[in-house]
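> Return a 3D structure for these sequence lines:
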Amino acid sequence: MKFNNIEDSDIVSPGEYVFYEPRQEVVLCGAFNRKENFIKVLCRGQLVEDEISKFKKIQLTVKEKHQRRISRCKGCSG
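Okay, here's the model as predicted:
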């Protein structure tokens, strides 16, 4: 797993996990606003808002992606 800086061209989607450097934790993104330079995240049950520069995107390796793969139930296969 690598942590990459969030560049100007990157978009962080709500529901995406990001790394929050001040607390050294992986948190869940709730809102991303490039114009006003903030991200709102859910951290330990609290809503936290901070500058984009304090967050990093999480990049998984191919092996980690395969380990995370979750099989769906037969009802979802349509």
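> Burial check on the spatially closest residue to V18 that is not a sequence neighbour, number of neighbours?
Closest residue in space to V18, ignoring its immediate chain neighbours: F55 at 4.8 Å, by CB to CB, 6 or more residues apart in numbering. No exception for glycine: its C-beta is placed from N, CA and C like everyone else's. Look at F55: counted by other CB atoms under 10 Å, it has 23 neighbours.
> lowest-confidence helix or strand of the chain?
Every helix and strand of the chain was ranked by mean pLDDT, DSSP states H and E. The lowest is helix 62-68, at a mean of 78.
> contacting residues around the closest residue to K54 other than its chain neighbours?
Excluding the flanking residues, the one nearest K54 by CB to CB, 6+ apart is E21, at 5.3 Å. Neighbour list for E21: 54-56 [criterion: CB atoms under 8 Å, 6 or more residues apart in numbering].
> same thing with L28?
15-17, 41-42.
> Quick check: which ranges of the protein have low pLDDT?
69-78 (pLDDT under 70).
> Now do the buried residues in the longest strand belonging to it.
When the chain is parsed with DSSP state E, its longest strand is strand 25-33. Buried residues in strand 25-33, counted by 16 or more other CB atoms under 10 Å: 27, 29-30, 32.
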